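Colleague: okay, predicted coordinates and the sequence, questions at the end:
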Amino acid sequence: MRKNKVLITFLLIITMLLAACTEGTNVDGNSSSSPDSSSDANSQGPLVIGFEADATTLLANHDVNYTTDTLIRNIYDPLIDRDSQTAEFVPVLAEEWKNTDEKTWYLKLKEGIKFHNGADFNANAVKFSIDYILDESNGSFYRSRWANVEEVVVLSDYEVEIHTSVPFPSLIQRIAEDLLIMEPGYVEEAGIEKASSEPVGTGAYTFVEWSRDNHLKLKAFEDYWQGKPGIEEVEFRIIPEFSARMSAFMSGEIYLFKNIPVDSVKQFESNEVKQISSSRINYLALSNLVDGPLKDVKVRQAINHAINANELLETVLSGYGSRITGPLSQLNADYAETKEYDYDPDLAVKLIEEAGYSPEELTLTLDTPSGRYPMDSHIAQAIASQLQSIGINVEVRVNEWGQHLEKIQKRETGDMYILGWGPAFDAQSTIENLFTLEAPYSSFYQEDIEKKIKETNQLFDQEARYAGYAELQQQLVEQAAWVPLWQQADLYAVKSSLNFSPRVDEKMNVFEMSWN
Amino acid sequence: MLDFIIKRLIQVVIVVFLALTAVFFLIRLSGDPTTLFLPPDAPREQIEEYRELLGFNRPLYVQYTDFMKGAIQGDFGESLRSGDDALGLVLERMPATFQLAFSALLLSIIIAIPLGVLSAYKRNTLFDKASVGITVIGQAIPSFWFGLILIFIFAAQLKLFPSSGGGSVNHMVLPVITLALYSVSRFVRFTRSAMLDVLNKDYIRTTKAAGTPTSTLIMKYALKNSLIPILTLIALDLGVLLGGAVITEAVFSWPGVGRLLHQSLMNRDFPIVLAGVFIIAIIYAVINFITDILYAYVNPQIRVK
């Protein structure tokens, strides 16, 4: 018996010693407080949000990545943001903006805003942040999007001008989606390395601690220019596995997480699930860039008629999604209504025959990623089965995500592939990037359509621009460039003690949340 | 003996070299990382520019030679995404992985050896049969599944332990149990058979006939003599545990090397993957090396062979 006790004591000592060796030893116990234990904001522990992956850097304007951007948007502010529900531009650090001519944008900035280290926010900070992207030696992954920017000119402490090399109507979108404002003095003094792990911004939350792949802790910025945030402390906890996130949610360790798989929604209480129609769209690309029968418009139209997207949405996705009929979602600024291809297998067979084939002699390949979009590989199988029902043989190839992207870029996919696009809010970034010959993720090209796209992109006149994109949307549908499927539904698990409304751009701005 | 050690050391170097070479070419087969780094609307010239900047446009053999030159000097390059030193990132994570693996090993030894001894001593009884049955199941259960069951019961339902993450003793309990399950089963079976071997020896029977108390018989005479093969197995199992930690780390979001490698592979952050493979290959090779040397020391015939 004595020996057993010695053994157990020995085990405990060793375990505790080993535990003490690890970075970020947590002894305060706050983080495991139950979210349901109190509704009083003052006695609440930190808000813990379960997140799938960690940021790769905490430096702004460097890594093009949803996770990085979502986390650091709580530390840095943008100049312009999007409305969380309508996706319209709303001013943040910029007060107003306008074109002085086709190649010049003027921005007036808000005054009296402080960075976390006490420095003043001003036009220099804006210039510094844009110059960081443009400077080749920094290797910012955003640079390609800003390549048309020639120079940022500081007019006064709170006024800047951005000069572009070509008319660049979508610059405002780049400002809203990419640009976050860094503190020039801090970055220069501390160096990129320190600024990448201990960030300073003007945002609602200040940096506390980052344990890579484990957690990011932030606390409310007392002097935040929009008022002190309602939630005092925030912890983003990195939990890659869905099942582990779900358990953490059920046990009360986390209050919020995104991306509940549609087939798991039933396991949550109904008031714990919030959904929003995302600006991300999913589609089946019908490639006319690879050789095959899909070069013929009639075959592409036939496939549109042979696939019952409404049925897929109801059965495979349990209704979580909103049907789209063209290349844009209704959230896009230049969305135009397009005709839907009815589900008509007989007509599909007829069109294939008119194109000089019989369905039975067609063997098509369909590439799909697995786990990137809700039920993606299941959708691919279901599409294959619908096409097989009219006699077309479909070979489904499931790819790892990186490999899938590379196959698309190198035009090595089969005749069809599944891809999502977004968050997308304007017509240009979707249409230009998916239907022109040189764009990496394009699946479709037609000379006259490309010409029209290039003309429309440069139009500043809002009405002419809308008319141009509306016509393009009609043409792309007539040409059956894709089988448009749906806008993804973003599903969030939210504890009832947290007041949270999902945003259309998938961001998680803690400043907009509060305790109930 | 010195010759033997030198030969074995050369083998260690060759094993690590081969592992790095194989992984280098295998991950290159999966494609080019620029695809995942740049925004989806990056034009082709930009993609090419980044490939050039990161050196991925050079012939594969040139990339390989450069990589090996760096690797020999301990330079695995920088993380493609964050720009941090790749080897540094991996080494930073080693303590967390070791912590998990050593704790699991310790737990396995503490549970398995007494259980194995008792099972051998009470062979063919209900206790023995039950323990053998349980160990068979223990070896057959996939660790990710067992981990999820533990999370479901002890974290989600009973709320006794956190479901994931690292940083405190509480966080360790479930992953350590998950990781230890397989080793416990292996050790119990092995200890049992090693003990049975010894218990059937004549000298044990003679000692027993001389009236030696059972506890002394087992602890002093039988267990002591079965310990050498058991210890070898334990040493080798440390490698298995470090490997197994990759899956357990993923299930419990444990911030160790396994998770770093898994994530880096998904992100195609090649320098981190290669630095991680290097460290793991070295650990495996060194453990094997030490075991070989100990064997040779105990049994000189091995050296002659």
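Modeller: Everything's here; your move.

Colleague: in contact with the nearest residue to A:Asp178 once chain neighbours are set aside, which residues?
Modeller: Computed as C-beta to C-beta, 6 or more residues apart in numbering or on different chains, the closest residue to A:Asp178 that is not its neighbour in sequence is A:Tyr142, at 5.1 Å. C-beta: built from backbone N, CA, C; applies to glycine. By C-beta atoms under 8 Å, 6 or more residues apart in numbering or on different chains, the contact set of A:Tyr142 is A:61-62, A:64, A:133, A:178, B:39.

Colleague: again with A:Asp296
Modeller: For A:Asp296, the contacting residues are A:355-356, by C-beta under 8 Å, 6+ apart.

Colleague: any idea whether A:Trp97 is helix, strand or coil?
Modeller: strand (DSSP: H, G, I helix; E, B strand; the rest coil).

Colleague: excluding its backbone neighbours, what's nearest it?
Modeller: Of all residues not flanking A:Trp97 in the chain, A:Leu107 sits nearest, at 4.7 Å (C-beta to C-beta, 6+ apart).

Colleague: that neighbour looks like it's in a helix, true?
Modeller: No: judged by three-state DSSP, A:Leu107 forms no part of a helix; its state is strand.

Colleague: isn't A:Ile254 right next to A:Phe236, touching?
Modeller: No: counting by C-beta atoms under 8 Å, A:Ile254 sits too far from A:Phe236 to count as a contact (9.6 Å).

Colleague: overlap in contacts of the two?
Modeller: Common contacts of A:Ile254 and A:Phe236, defined by C-beta under 8 Å, 6+ apart, comprise A:Ile49.

Colleague: just the contacts of A:Tyr142 now: which is nearest B:Val136?
Modeller: Within these, the smallest distance to B:Val136 is 50.2 Å, found for A:Val64 (C-beta to C-beta).

Colleague: so which strand or helix has that closest one?
Modeller: Using DSSP states H and E, A:Val64 is not contained in any helix or strand.

Colleague: tell me, how many residues neighbour it?
Modeller: By other C-beta atoms under 10 Å in any protein chain shown, the residues close to A:Val64 number 22.

Colleague: now the one 10 residues further on
Modeller: Residues within reach of A:Asn74, counting by other C-beta under 10 Å, total 25.

Colleague: next: A:Glu269.
Modeller: By other C-beta under 10 Å, 9 other residues sit near A:Glu269.

Colleague: confidence score at it?
Modeller: Per-residue pLDDT puts A:Glu269 at 90.

Colleague: report the separation between it and A:Trp515.
Modeller: Separation of A:Glu269 from A:Trp515 (C-beta to C-beta, to the nearest Å): 19 Å.

Colleague: doesn't B:Gly239 belong to a helix?
Modeller: Yes: per three-state DSSP, B:Gly239 lies within a helix segment.

Colleague: mind checking how far it is from A:Trp105?
Modeller: Using C-beta to C-beta, one obtains 60 Å as the distance from B:Gly239 to A:Trp105.

Colleague: settle it for me: which of those two has more neighbours?
Modeller: The neighbour comparison of B:Gly239 against A:Trp105 (other C-beta under 10 Å) goes to A:Trp105, with 21 against 18.

Colleague: tell me the secondary structure at the nearest residue to the more buried one once chain neighbours are set aside.
Modeller: For A:Trp105, ignoring the flanking residues on the chain, the nearest one in space by C-beta to C-beta, 6+ apart is A:Ile162 at 4.4 Å. Of the three states, A:Ile162 takes strand according to three-state DSSP.

Colleague: flag the shaky bits of the chain, pLDDT-wise.
Modeller: Going with chain A. Flagging of chain A using pLDDT under 70 yields the residue ranges A:1-43.

Colleague: could you do chain B instead?
Modeller: In chain B, residues with pLDDT under 70: B:243-244, B:298-305.

Colleague: which parts of it are strands?
Modeller: Assigned by DSSP state E, chain B shows no strands.

Colleague: how about the helices of it, start to end?
Modeller: Taking DSSP state H, the helices of chain B run over residues B:2-29, B:34-37, B:44-54, B:60-72, B:86-121, B:126-140, B:143-150, B:169-199, B:202-209, B:214-216, B:224-252, B:257-267, B:270-298, B:300-304.

Colleague: got a markdown table for the ones you listed, with distance to chain A too?
Modeller: Converted to a markdown table, the helices of chain B look like this (distance: least, C-beta to the nearest C-beta, whole Å):
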| stretch | distance to chain A |
| --- | --- |
| helix B:2-29 | 10 |
| helix B:34-37 | 5 |
| helix B:44-54 | 4 |
| helix B:60-72 | 16 |
| helix B:86-121 | 4 |
| helix B:126-140 | 18 |
| helix B:143-150 | 5 |
| helix B:169-199 | 5 |
| helix B:202-209 | 22 |
| helix B:214-216 | 11 |
| helix B:224-252 | 6 |
| helix B:257-267 | 6 |
| helix B:270-298 | 11 |
| helix B:300-304 | 33 |
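
Colleague: ok, and does the helix or strand in which A:Lys194 is found reach over to chain B?
Modeller: Here A:Lys194 sits within helix A:184-197, counting by DSSP H and E. Yes: using C-beta under 8 Å from any C-beta of the partner chain, helix A:184-197 reaches chain B at A:192-193, A:196.

Colleague: ok, and the most crowded of those residues?
Modeller: For the residues of helix A:184-197 next to chain B, the largest number of neighbours (other C-beta under 10 Å) sits with A:Ser196, at 22 neighbours.

Colleague: burial of the closest residue in space to that one that isn't next to it in sequence, as a residue count?
Modeller: Distances taken as C-beta to C-beta, 6+ apart put A:Leu59 closest to A:Ser196, at 4.1 Å, once the chain neighbours are dropped. By the criterion of other C-beta under 10 Å, A:Leu59 has 26 neighbours.
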